[in-house]
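Trainee: Next come a sequence and a model predicted from it.
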Amino acid sequence: MSVGPARRPETEDGRRPEAASGRRPAAAVPLAPSARQLAGALVPRRRSGSLPDRVVEARGVRVDPAHLDAWVRVCGSRPDAPVPGTLPGAFCHVLASGASMRLLLDPAFPLPLLGMVHVAQRLEVLRPVDAREPLDLAVTARDLRPHRRGRQLDVVATASVAGELVWRGTSTYLHREAVPPRDEASPSDAGTPARPTQAEPGKSMPDRESRARPADTEVRTPPDATGGERRGSAAAGALGDARRAPLPDGSVRWTVPAGTGRAYAAVSGDPNPIHLSRPTARLLGFRRPIAHGMWTLAHALLDLEGRVPAAHDVSARFLRPLSLPGRAVHGWRPLDERTDGALLLAVRRERDGEPHLVAEVTPR
């Protein structure tokens, strides 16, 4: 992502976080907002109708090995897994999450956190990123657009090393709102291709309607580095196929403990109460807490150790929430015969096969 001169950057020099011993691992997330700042998101205020012309940056960020180790232990399936020498794309998302929250908490941001739902995620690892390399992180918001259930937007985060773009993450959010009847909707909404998916309440305050059926949301394919859409309808067809067809080539059964949401909140800096306990989840309309969508994606990608190329793209959609404690099955197979090394994966509820997550992984 190139940052134009017209944008108003907010910068903070990155510093090496202290080791996790004696402190919450979340302290390692650069620019993580305080509890007071998060509470401020509940205060009603007048909002503009457009995205702020702003980039939130954290420069010279160095990864704390203890933080990376804690993240791997929470998201991986092997308790003895070594700390990787290169950064997983889903961990780069965690590093940028504090800056993303600062952007979403901006008083000038047009949408409140309450009711914001994380519906899709794209991760682009442009080259292997050594865990010792200092990173310059930047986050901005793009493409606020109408949607038949409200409004949708993309939060785009990047990581650079000495001016070289090495990673990009695009998080698509839906804010549910009352909208006019279909015949009164704008042309851009009517022209949005229907790509069924259901939201996992992501980094923001949750919305109880996230239990709705998968057809409630539509997601555009995020743009690639050239600004075009990558594999557009083909990608949509592959992910749609993953929702229906079996994935026979490989599978792993998951037993997900009740404390998974609290453990991931500690290493990701995402304290969304819908993930933490039964009492907090019930206050927000859920009988049980649910897993973070990004934990589900990270866990699935770590299952594929040795099968994912060093430089790759991940396109994922969050469907039905994974209740905690819970049991799921992660399956994968080759995406197609034309793309060597590409994989299609799905995480499904064990008892009935309902999908929690579908994704495709493609080499660069």
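Mentor: Arrived safely.

Trainee: For this structure, spot the helix or strand the model is least confident about on average.
Mentor: Sorting the helices and strands of the chain by mean pLDDT, DSSP states H and E puts helix 187-190 at the bottom, at a mean of 38.

Trainee: Now the phi/psi pair for Leu302, please.
Mentor: With angles defined as degrees, to the nearest 10, Leu302 sits at phi -70, psi -30.

Trainee: just checking, what packs against the lengthiest helix in the chain?
Mentor: Ranked by residue count and defined by DSSP state H, the top helix of the chain is helix 89-104. Where contact means 3 or more C-beta pairs under 8 Å, 6 or more residues apart in numbering; DSSP states H and E, helix 89-104 is packed against strand 54-61, helix 65-75, strand 116-125, strand 135-147, strand 150-161, strand 164-176, helix 260-268, helix 293-303. (Each C-beta comes from the backbone N, C-alpha and C, glycine too.)

Trainee: and if we set it to 6 Å?
Mentor: With contacts taken as 3 or more C-beta pairs under 6 Å, 6 or more residues apart in numbering; DSSP states H and E, helix 89-104 sits against strand 54-61, strand 135-147, strand 150-161.

Trainee: Could you list the buried residues of the second one?
Mentor: So that's strand 135-147. Leu135, Asp136, Leu137, Ala138, Val139, Thr140, Ala141, Leu144, Pro146, His147 (16 or more other C-beta atoms under 10 Å).

Trainee: And the contacts of it?
Mentor: 51, 55-59, 61, 96, 99-100, 103, 152-160, 186, 188-189 (C-beta atoms under 6 Å, 6 or more residues apart in numbering).

Trainee: would you turn the buried residues of strand 135-147 into a markdown table with pLDDT and distance to Phe318?
Mentor: Listed next are the buried residues of strand 135-147 as a markdown table, based on pLDDT from 0 to 100; distance: C-beta to C-beta, whole Å:
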| residue | pLDDT | distance to Phe318 |
| --- | --- | --- |
| Leu135 | 97 | 26 |
| Asp136 | 98 | 28 |
| Leu137 | 97 | 23 |
| Ala138 | 97 | 24 |
| Val139 | 97 | 20 |
| Thr140 | 96 | 22 |
| Ala141 | 95 | 19 |
| Leu144 | 92 | 20 |
| Pro146 | 87 | 21 |
| His147 | 84 | 16 |
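
Trainee: Can I get those in a markdown table including distance to Gly76?
Mentor: Below are the buried residues of strand 135-147 laid out as a markdown table (distance: C-beta to C-beta, whole Å):
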| residue | distance to Gly76 |
| --- | --- |
| Leu135 | 22 |
| Asp136 | 27 |
| Leu137 | 23 |
| Ala138 | 28 |
| Val139 | 26 |
| Thr140 | 31 |
| Ala141 | 31 |
| Leu144 | 36 |
| Pro146 | 39 |
| His147 | 35 |
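
Trainee: Among the residues you listed, pick out the one closest to Leu68, please.
Mentor: Leu135 (12.5 Å; C-beta to C-beta).

Trainee: Pull out the buried positions in the helix or strand His356 falls within.
Mentor: His356 is part of strand 355-363, with elements assigned from DSSP states H and E. Within strand 355-363, the residues scored as buried using 16+ other C-beta under 10 Å are Pro355, His356, Leu357, Val358, Ala359, Glu360, Val361, Thr362.

Trainee: Dump those residues into a markdown table; add distance to Leu68 and pLDDT as well.
Mentor: Output for the buried residues of strand 355-363, formatted as a markdown table (distance: C-beta to C-beta, whole Å; pLDDT from 0 to 100):
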| residue | distance to Leu68 | pLDDT |
| --- | --- | --- |
| Pro355 | 29 | 93 |
| His356 | 25 | 95 |
| Leu357 | 23 | 95 |
| Val358 | 27 | 95 |
| Ala359 | 22 | 95 |
| Glu360 | 25 | 94 |
| Val361 | 21 | 95 |
| Thr362 | 25 | 95 |
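
Trainee: Redo those as JSON lines? Include distance to Pro107.
Mentor: Formatted as JSON lines, the buried residues of strand 355-363 follow (distance: C-beta to C-beta, whole Å):
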{"residue": "Pro355", "distance to Pro107": "37"}
{"residue": "His356", "distance to Pro107": "34"}
{"residue": "Leu357", "distance to Pro107": "33"}
{"residue": "Val358", "distance to Pro107": "36"}
{"residue": "Ala359", "distance to Pro107": "34"}
{"residue": "Glu360", "distance to Pro107": "37"}
{"residue": "Val361", "distance to Pro107": "38"}
{"residue": "Thr362", "distance to Pro107": "39"}
